[in-house]
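A.B. asks: following is a predicted model, sequence given first.
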Amino acid sequence: MNNYVYYYLLAVNILAFVLFGIDKQKARRNAWRIPEKTLILSAVIGGSAGAILGMRFFRHKTRKPKFAVGVPVILLVQIAAVWLVSYKL
């Protein structure tokens, strides 16, 4: 893969991790929250590993099935897509 792809994936995973941390802090303070769609989108655009790490590290959104099941499924789909593109095409 191109180095730019690695830089992109690193950046989007860091972003997802940070978003989960910010949202957890806002939840504790009863402040304006980051929309769930934004958190899910950060996983969909390539930050699923960072989202999972953020969920575990900050203990945030781990009880919601949309996140507890959805984000790992997104990661598996992304891994399968990379595998298919890398080895089958």
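C.D. replies: Everything's here; your move.

A.B. asks: show me what the longest helix along the chain is packed up against.
C.D. replies: As assigned by DSSP state H, the longest helix anywhere in the chain is helix 3-28. With contacts defined as 3 or more Cβ pairs under 8 Å, 6 or more residues apart in numbering; DSSP states H and E, helix 3-28 has these neighbours: helix 36-42, helix 48-58. C-beta: built from backbone N, CA, C; applies to glycine.

A.B. asks: quick one: closest of those to Leu75.
C.D. replies: helix 48-58 (3.9 Å; Cβ to Cβ).

A.B. asks: what pLDDT, on average, does the very next helix or strand once past the closest one get?
C.D. replies: Tracing the chain past helix 48-58, the next element assigned as helix or strand by DSSP states H and E is helix 65-68. Averaged across helix 65-68, pLDDT comes to 95.

A.B. asks: helix 65-68: what's the following helix or strand?
C.D. replies: helix 70-83.

A.B. asks: so where's the protein shaky on pLDDT?
C.D. replies: For the chain, the stretches flagged by pLDDT under 70 are 1, 89.

A.B. asks: try 80 this time
C.D. replies: For the chain, the stretches flagged by pLDDT under 80 are 1-2, 88-89.

A.B. asks: how about the backbone phi and psi for Arg33?
C.D. replies: phi -100, psi 160 (degrees, to the nearest 10).

A.B. asks: so which of the helices and strands packed on helix 3-28 is nearest Phe17?
C.D. replies: That would be helix 48-58 among these, by Cβ to Cβ, at 4.1 Å.

A.B. asks: can you give me the buried ones in that closest one?
C.D. replies: Judged by neighbour count (16 or more other Cβ atoms under 10 Å), helix 48-58 contains these buried residues: Ser48, Ala49, Gly50, Ala51, Ile52, Leu53, Gly54, Met55, Phe58.
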